[in-house]
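Engineer: coordinates for the following, if possible.
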Amino acid sequence: MEAKLRLCARSEITPDIADLCEQVVRWRQTRRHRERMPEPLWALAASLARQHTVARIARLARLDYYTLKERLDSPVDSPANQEGRPAFVELPVSLCAPSAECIIEMEHPRGGRMRIQVKGGATPDFAALSHGFWSRES
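Structural biologist: Alright, predicted model coming up:
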């Protein structure tokens, strides 16, 4: 590990970056074929990238730049990041009475948007629609 760290300028490697690099190297030595890197390592890398830049952490820890950048751009399901996120809101069926109009708008963290407009009549399966929207990959 020391030989790999020597290739970079000493000023670039802080103790926290060196710790990340060592953990990544250890994980790579023990992982099974094509196993994904554990979430705690990605979380540590993302945290350091917020402090030191994505390019620097990706280069020093030998991680994919775009994967690390995507983890910074999309919200992570941690308690700290959930504070600003809206909570689950249950809509009573009475809000969408047959003669009423109901509009529901959703925005996915990756940019997708959905607008459901109901004017009287039968109400759609909101649970299935929202589940499909939130569980999509992109």
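Engineer: what about the residue lying closest to Ala46 once chain neighbours are set aside, helix or strand, and which?
Structural biologist: In this structure, Ala46 finds its nearest non-sequential neighbour in Arg71, 4.7 Å apart by Cβ to Cβ, 6 or more residues apart in numbering. For the C-beta atoms, the positions are set from N, CA and C on the backbone; glycine is no exception. Arg71 is located in helix 65-73, with elements delineated by DSSP states H and E.
Engineer: which other helices and strands does that helix contact?
Structural biologist: Here helix 65-73 touches helix 39-52, helix 54-61, going by 3 or more Cβ pairs under 8 Å, 6 or more residues apart in numbering; DSSP states H and E.
Engineer: buried sites along it?
Structural biologist: For helix 65-73, burial by neighbour count (16 or more other Cβ atoms under 10 Å) applies to 68, 71.
Engineer: same thing with stretch 40-51?
Structural biologist: The neighbour-count check on stretch 40-51 (16+ other Cβ under 10 Å) flags 41-42, 44-46, 48-49 as buried.
Engineer: of those, closest to Pro109?
Structural biologist: Ala46 (14.6 Å; Cβ to Cβ).
Engineer: cool, thanks, talk later.
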